[in-house]
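Participant: For reference, the sequence and a predicted model appear below.
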Number of protein chains: 2
Amino acid sequence: MTATIPVGVEAARDLVGPAFGAALERLSPEVRVVAAYHLGFGDADGNPAGTDGRSGAAGKALRPALALLSARAAGAAPERAVCAAAAVEFVHNFSLLHDDIMDGDVERRHRPTAWTVFGTGAAILAGDALLALAQDLLLEGPAPQNLWASRCLSAAVQRLIAGQGADLAFERRDDVSLAQCLEMAGDKTAALMACACSIGAIYVGAPPALAMGLAGFGAHVGLAFQLTDDLLGIWGAAETTGKPVRSDLRARKKSLPVVAALTSGTPEGTELGALLARAEPLDEDDLLRAADLVATAGGKSWTEAEADVQLASASKCLAETDMPDDVRAEFTGIAEFITARQW
Amino acid sequence: MTATIPVGVEAARDLVGPAFGAALERLSPEVRVVAAYHLGFGDADGNPAGTDGRSGAAGKALRPALALLSARAAGAAPERAVCAAAAVEFVHNFSLLHDDIMDGDVERRHRPTAWTVFGTGAAILAGDALLALAQDLLLEGPAPQNLWASRCLSAAVQRLIAGQGADLAFERRDDVSLAQCLEMAGDKTAALMACACSIGAIYVGAPPALAMGLAGFGAHVGLAFQLTDDLLGIWGAAETTGKPVRSDLRARKKSLPVVAALTSGTPEGTELGALLARAEPLDEDDLLRAADLVATAGGKSWTEAEADVQLASASKCLAETDMPDDVRAEFTGIAEFITARQW
């Protein structure tokens, strides 16, 4: 199954792109070249990546699209929420820059990760700069909504950090429950998605009921996305994920399908646990065997079913929240796109 | 020469300490243990460092003291600026956590640095959490001053990041001018000190003239501090600095005395340049020789003189800014303390 990028996402990119560029101009040259490279706006030497300042290596900018949509849900022109959309995307990329270091990931979006190109120190600093820039952008907006949006983003950042901290800690533990793993995904992924789906509305002064409905939608979509992403981390093709195939298994990540398998009480779950606990590195045959064990132990089907449950809950939130029909349809389109299973 | 901690600094610690503790409670357990260790509130296993929740390993908390003083300069009780004081200290420690990784420093405040104890990933994350926490604390305060204080802090963070980026880049360059080096120190150190000296006043709604006078004072004190700190990095005793002796020379840092010597046009400056450009590691004799060359080339005396110039400018800012005499005297006391030369 392939999925095409919803039309609203492209439009959001065109709207937010110039704001990205202008915001990056504020960074000092040494920091900017790293941030621009990571964001796909430039190459390792600081040259622009293309005539339109973007490249195929740029992220899909789904979160900015969701932020702009949320402003439209509140009846505002998407242009009014451009700063909020850029802020969410900067926070997302702050976390990617730092996570790639922590996880030792060497490839993202089909390119070497920033820390492998510029060094760990420069990549840490570029992440710091994007986090600070996100708050800068929001705080400069109209009061008092700038403050509400800032606090919304700040809360999401704290949960994102808590989730990544739990994720790192889980790698050293062999007793992680499925509930703990879901909570971690809720913090690490769903909190920022909930923020993306509501911050534009908050930024244009929407009533709390709308903001909360959108945040609920985003939280469920975020979990569905993480569940799908974990499936891709095992069964996704490298050309789809932009990362080496079976990279999550190689890193022995306690991803949701793996934990579902480990806690399944099946013989395959036990065998998987023994395989992942082995001191020696896992070769390609081991990784294929591990993927089979996750599936046979029911980890794959549980994850697919849970993603469907979360998507259904997201739809329910959307249906119960008052907004223009075309906006609701675009939200649905993006939710389906980011949870499409591509292998 | 020894310097005793000014009495106001101890009082500030007692006032801000509980706010620190309460703020850290918001972090997830995995992240909190790292942040608490770094701040000197806990050991590597998460146990409190002492009955008062502090240890000798805690920072001197000079920046919180300055922030509280700045609220008093505006005629407000220091209690009103506790959040602002904590926010500045959190940002300072965010930068220390990340800088220690980037610089490969293994010791701080007489203890192993956080990344050597908990790993690079956990230390990155703890720094991220402190940066986000700083903004959280400020944004929760009374409007609209919370917004002004947030923007003040945010601007300082961006300059701090720019300064650290330049510092890293300078290590790979052999053509750094003294002006560039001073600009880097202004960004890396003076910007946050200027923020510390004015954010309390801003947070309690002081008039712009007072905030600007205090920020000017802080910027000059910050530069004087960095100049002194760079001298300590070469000639400071390990028991004073909490770091190995001559650590800046070992790391071949382009510190201000070194760049002053390198750009002095003297034979000693040329010899120093050749020594620091050597591919092989520098042994103890090399480091002693390098320190001598910095001094003979005039790098030490230039740095001492420039620190005096900055301190005089700081005094002038203070004298020209309207505030209670006892507050002015305490500012002067802290400025003299943090620029005292201890070797």
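Facilitator: Everything's here; your move. Residues are numbered from 1 along each chain as shown, chains lettered A, B, ... in the order given.
Participant: And the residue of the stretch 201-343 of chain A closest to chain B?
Facilitator: Per CB to the nearest CB, A:A251 is where the stretch 201-343 of chain A lies closest to chain B, at 12.3 Å. Placement of C-beta: from N, CA and C, glycine included.
Participant: May I have the residues that are in contact with that residue?
Facilitator: A:A251 makes contact with A:D103, A:G104, A:E171 under the criterion CB atoms under 8 Å, 6 or more residues apart in numbering or on different chains.
Participant: and those residues, which are buried?
Facilitator: Using 16 or more other CB atoms under 10 Å in any protein chain shown as the burial test, those include A:D103 as buried.
Participant: between the contacts of A:A251, which is nearest chain B?
Facilitator: A:D103 (7.8 Å).
Participant: quick one, phi psi at the closest residue to that closest one other than its chain neighbours?
Facilitator: Of all residues not flanking A:D103 in the chain, A:A251 sits nearest, at 6.5 Å (CB to CB, 6 or more residues apart in numbering or on different chains). Torsion angles at A:A251 (phi, psi; degrees, to the nearest 10) stand at phi -80, psi 0.
Participant: Quickly name whichever of the contacts of A:A251 is closest to A:W235.
Facilitator: Of all the contacts of A:A251, A:W235 sits closest to A:D103, with 19.1 Å by CB to CB.
Participant: So which residues on the stretch 101-250 of chain A come close to chain B?
Facilitator: Contact residues, the stretch 101-250 of chain A versus chain B (CB under 8 Å from any CB of the partner chain): A:101-103, A:120-122, A:124-125, A:127-129, A:131-133, A:135-136, A:139-140, A:143-144, A:146-147, A:150-151, A:154-155, A:157-158, A:161-162, A:164-166, A:168-169, A:187.
Participant: Selecting buried members of those residues in PyMOL, what would you type?
Facilitator: Buried members of those, defined by 16+ other CB under 10 Å, are picked up in PyMOL with:
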select buried, chain A and resi 101+102+103+120+121+122+124+125+127+128+129+131+132+133+135+136+139+146+147+150+151+154+155+157+158+161+162+164+165+166+168+169+187
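Participant: and A:P64, how many residues sit next to it?
Facilitator: Residues lying near A:P64 (other CB atoms under 10 Å in any protein chain shown) number 31.
Participant: Can you name every helix or strand that whichever helix or strand it is part of contacts?
Facilitator: If you go by DSSP states H and E, A:P64 is part of helix A:62-73. Using 3 or more CB pairs under 8 Å, 6 or more residues apart in numbering or on different chains; DSSP states H and E as the contact test, the elements touching helix A:62-73 are helix A:7-24, helix A:82-103, helix A:191-203, helix A:208-235, helix A:325-338.
Participant: ok, 6 Å please
Facilitator: On a contact count with 3 or more CB pairs under 6 Å, 6 or more residues apart in numbering or on different chains; DSSP states H and E, helix A:62-73 meets helix A:7-24, helix A:82-103, helix A:191-203, helix A:325-338.
Participant: export that helix as PDB, just CAs?
Facilitator: C-alpha atoms of helix A:62-73 as PDB (Å, rounded to 0.1, in the frame of the first residue of the first chain):
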ATOM      1  CA  LEU A  62       2.800  17.200   8.900                       C
ATOM      2  CA  ARG A  63       2.800  18.900  12.200                       C
ATOM      3  CA  PRO A  64       2.800  22.400  10.700                       C
ATOM      4  CA  ALA A  65      -0.100  21.300   8.400                       C
ATOM      5  CA  LEU A  66      -2.000  20.100  11.500                       C
ATOM      6  CA  ALA A  67      -1.300  23.400  13.300                       C
ATOM      7  CA  LEU A  68      -2.600  25.500  10.400                       C
ATOM      8  CA  LEU A  69      -5.700  23.300  10.100                       C
ATOM      9  CA  SER A  70      -6.400  23.800  13.800                       C
ATOM     10  CA  ALA A  71      -6.500  27.600  13.200                       C
ATOM     11  CA  ARG A  72      -8.900  27.000  10.400                       C
ATOM     12  CA  ALA A  73     -11.000  24.800  12.700                       C
END
